[in-house]
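Student: test case, fold it:
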Amino acid sequence: MLLAPIKRIKAMNVTVVKHDKLMLSRLQLFRNVDLNSAEMDRLLSNCSYLQMAEGETLLSPEVENHYLYVIVSGRLAIRLGPDEEIPLTAIEPGECVGEMSVFDSRLPSVQVFATEASTVLQIEQDVLWRMVSASHEIARNLLYIMSERVRYSNLVVADSLEMQRKYQQFATIDALTGLHNRGWLDDTFEREIRRSERDGLAACVLIIDVDHFKRFNDEYGHLAGDKVLISVGESISKPLRPNDMVARFGGEEFSVLLPETSLENAVAIAERLRERVCAACPGEINGTELPGVTVSIGVADYKPGDSLESVLASADSAMYQAKKAGRNCVRVASNG
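Tutor: Take a look at the predicted model:
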């Protein structure tokens with residue numbers, strides 16, 4: 001439902017009438033409360049009803065609030081501010097609003113407005129506390145209302161954290177291959193390199209580039225090229241150890257960090273990865289099996305004082321040496 005623009009309440013229609021106690025007894029705040037007692041009858045006489053038109057504002061972060069409001073009929077909604085088009089949640093008959101600012105004497109944190117013509121029972125702060133003193137049931141009901149509010153807030157926070165986690169995951173995962181991307185690489189590789197330096201451990205980096213990838217794309221199409229990248233990603237990631245890290249570096253290029261690995265062992269790992277890529281079948285297009293591809297791999301070891309950029313640059317230079325050597329091979333970065 002499209003909501004009308006919020007209108008500031010200038011003079012809401014306030015009605016003081018004889019209370020329908022049967023109707024009140026159905027509201028959560030007055031559940032199991034003896035509304036016929038003399039004290040409760042006297043306190044209710046100090047309460048009134050607000051008749052709200054669609055779009056009228058009941059609570060606002062800019063205006064102090066000293067009332068608890070119980071929705072009798074109609075519907076209200078909550079949103080963070082007047083610029084928010086989509087409400088956070090609806091408030092149905094029987095529910096309350098305003099209790100937080102009554103308890104902590106702070107400005108409301110959200111904006112509450114009517115999404116349709118509504119009737120709201122207005123209970124002034126002092127009257128509410130007298131009701132609590134006069135009836136244990138009201139105190140219990142108010143505690144229940146507060147616990148439900150906290151529970152809902154916790155669910156909102158949990159949903160927000162889960163959404164944040166998903167956004168973070170999307171921001172660090174390559175959508176095509178499912179591997180980590182360059183953004184993740186920059187952060188994680190740097191941290192692992194620093195850890196290796198601190199602990200005095202060896203570490204190596206591989207740069208892996210698919211040979212003649214542009215030619216493959218031109219001949220078989222981009223869909224086939226995507227299948228090749230997925231196949232290469234699987235071929236190089238599956239045999240790695242749990243603490244090894246692989247990322248799609250960009251385009252047809254991949255990078256692997258091998259913590260606690262000597263240069264000799266890194267070269268052996270690179271050779272195994274190269275062989276796995278050669279042996280893999282990228283899949284088929286329209287029933288036709290695609291040809292396999294090869295990769296050129298550059299290997300560089302981390303030396304104290306190296307930056308992430310310098311190690312990657314060394315591995316990248318070694319990868320180009322592999323290209324010059326005829327492709328489908330492994331080359332080690334020069335120590336010079």
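
Student: could you use CA atoms for every contact and neighbour count after this?
Tutor: Noted.

Student: show me the contacts for residue 67.
Tutor: The contact partners of residue 67, by C-alpha atoms under 8 Å, 6 or more residues apart in numbering, come to 98-99, 102, 122-125.

Student: what strand or helix carries residue 62?
Tutor: Per DSSP states H and E, residue 62 falls between elements, in no helix or strand.

Student: burial count for it?
Tutor: Residue neighbour count, defined by other C-alpha atoms under 10 Å, stands at 11 for residue 62.

Student: do the same with residue 30
Tutor: Number of residues near residue 30 (other C-alpha under 10 Å) recorded here: 21.

Student: measure it to residue 21 for me?
Tutor: 9 Å (C-alpha to C-alpha, to the nearest Å).

Student: turn the contacts of residue 67 into a markdown table, including pLDDT.
Tutor: Output for the contacts of residue 67, formatted as a markdown table (pLDDT from 0 to 100):
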| residue | pLDDT |
| --- | --- |
| 98 | 87 |
| 99 | 83 |
| 102 | 82 |
| 122 | 93 |
| 123 | 92 |
| 124 | 92 |
| 125 | 90 |
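
Student: quick one: which of these sit in strands?
Tutor: 122-124 (DSSP state E).

Student: nearest to residue 325 among these?
Tutor: Lowest distance from residue 325 to those (C-alpha to C-alpha) belongs to residue 122, with 83.7 Å.

Student: wouldn't that closest one be in contact with residue 45 here?
Tutor: No. Checked against C-alpha atoms under 8 Å, the pair residue 122 and residue 45 is beyond contact range at 11.2 Å.

Student: Provide the secondary structure category for the closest residue to residue 98 other than its chain neighbours.
Tutor: With C-alpha to C-alpha, 6 or more residues apart in numbering as the criterion, residue 98 has its nearest non-adjacent residue at 4.9 Å, and that residue is residue 68. Put simply, residue 68 is strand when judged by DSSP: H, G, I helix; E, B strand; the rest coil.

Student: same thing with the one 4 residues further on?
Tutor: Here residue 72 is strand, with the state taken from three-state DSSP.

Student: in terms of neighbours, single out the busier of residue 122 and residue 45.
Tutor: Comparing residue 122 with residue 45 by other C-alpha under 10 Å, the one with more neighbours is residue 122, at 20 against 13.

Student: and the more buried one, what does it touch?
Tutor: When contacts are taken as C-alpha under 8 Å, 6+ apart, residue 122 is in contact with 47-50, 67-70.

Student: top of those residues by neighbour count?
Tutor: For those, the largest number of neighbours (other C-alpha under 10 Å) sits with residue 70, at 25 neighbours.

Student: that one contacts residue 99, correct?
Tutor: No. Applying C-alpha under 8 Å as the test, residue 70 and residue 99 come out as separate, 9.8 Å apart.

Student: residue 264 - that's part of a strand, no?
Tutor: No. Assessed with three-state DSSP, residue 264 is helix; it does not lie in a strand.

Student: could you report the neighbour count for it?
Tutor: Neighbourhood size, residue 264 [other C-alpha under 10 Å]: 12.

Student: need the contact list for the spatially most distant residue from the centre of the chain.
Tutor: Distance from the centre of the chain peaks at residue 38, with 52.7 Å (C-alpha atoms, centre = their mean). If you count contacts by C-alpha under 8 Å, 6+ apart, residue 38 has none.

Student: now it: phi and psi?
Tutor: phi -60, psi -40 (degrees, to the nearest 10).

Student: just residue 227 next, same as before
Tutor: Backbone phi and psi, for residue 227 under degrees, to the nearest 10, turn out to be phi -60, psi -40.

Student: do you know how far it is from residue 270?
Tutor: In terms of C-alpha to C-alpha, residue 227 sits 22 Å off from residue 270.

Student: residue ranges of the strands in the stretch 1-150 of the chain, please?
Tutor: Counting by DSSP state E, counting those that start in this stretch, the segments of the stretch 1-150 of the chain that form strands are 13-15, 48-52, 57-59, 67-73, 76-79, 89-91, 96-97, 111-114, 118-124.

Student: buried deepest among those strands, which one?
Tutor: strand 111-114 (a mean of 26; mean count of other C-alpha atoms under 10 Å).
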